[in-house]
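Engineer: Make a model of this:
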Amino acid sequence: MKLVNINAINSGSCRYCTWLQQWQHFSHQQLPQFCPVLTCSRHPEVGALVQKLGDADRISYIIPLCRECAALHGEIIVVLDTTALVPVDLK
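Structural biologist: Predicted structure coming up:
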């Protein structure tokens, strides 16, 4: 799955202390052992905000990433299709 890293780590309003904690709560998944970026084998440490590439609705989602991949502001990243996307704006 192709995503755009909008690099908004722990910025804005979050129901939980961090975006990573919010992802864990709403995804109902354990933190993966490895960063979901296909070319990465580091451990995910932060929740990062991304958008689906080419989606007109521009919804922001939280995913777990390692710090190095999360720092790729504005870059297109390719993640495992099984990566849970948690919408930032949960009602």
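
Engineer: low-confidence ranges in this protein?
Structural biologist: For the chain, the stretches with pLDDT under 70 are 8-16, 90-91.

Engineer: can you give me how far stretch 82-91 is from the chain middle?
Structural biologist: Chain-centre distance of stretch 82-91: 8 Å, with CA atoms, centre = their mean, to the nearest Å.

Engineer: Could you pull out the buried residues of that stretch?
Structural biologist: 83-86, 88 (16 or more other CB atoms under 10 Å). All C-beta atoms are positioned from the backbone trio N, CA, C, and that covers glycine.

Engineer: got the contact list for that stretch?
Structural biologist: Residues from elsewhere that reach stretch 82-91 (CB atoms under 8 Å, 6 or more residues apart in numbering): 1, 12, 15, 19, 22-23, 26-27, 29, 32, 36, 49-50, 52, 59-63.

Engineer: In PyMOL, how would I select the buried members of the residues you listed?
Structural biologist: Applying 16+ other CB under 10 Å to these, the buried members can be selected in PyMOL as follows:
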select buried, resi 1+19+22+23+27+36+49+50+52+60+61+62+63
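
Engineer: Distance check, the nearest residue to Val79 once chain neighbours are set aside against Ala56.
Structural biologist: Closest residue to Val79 apart from its sequence neighbours, by CB to CB, 6 or more residues apart in numbering: Pro36 at 4.2 Å. From Pro36 across to Ala56, the span is 24 Å (CB to CB, to the nearest Å).
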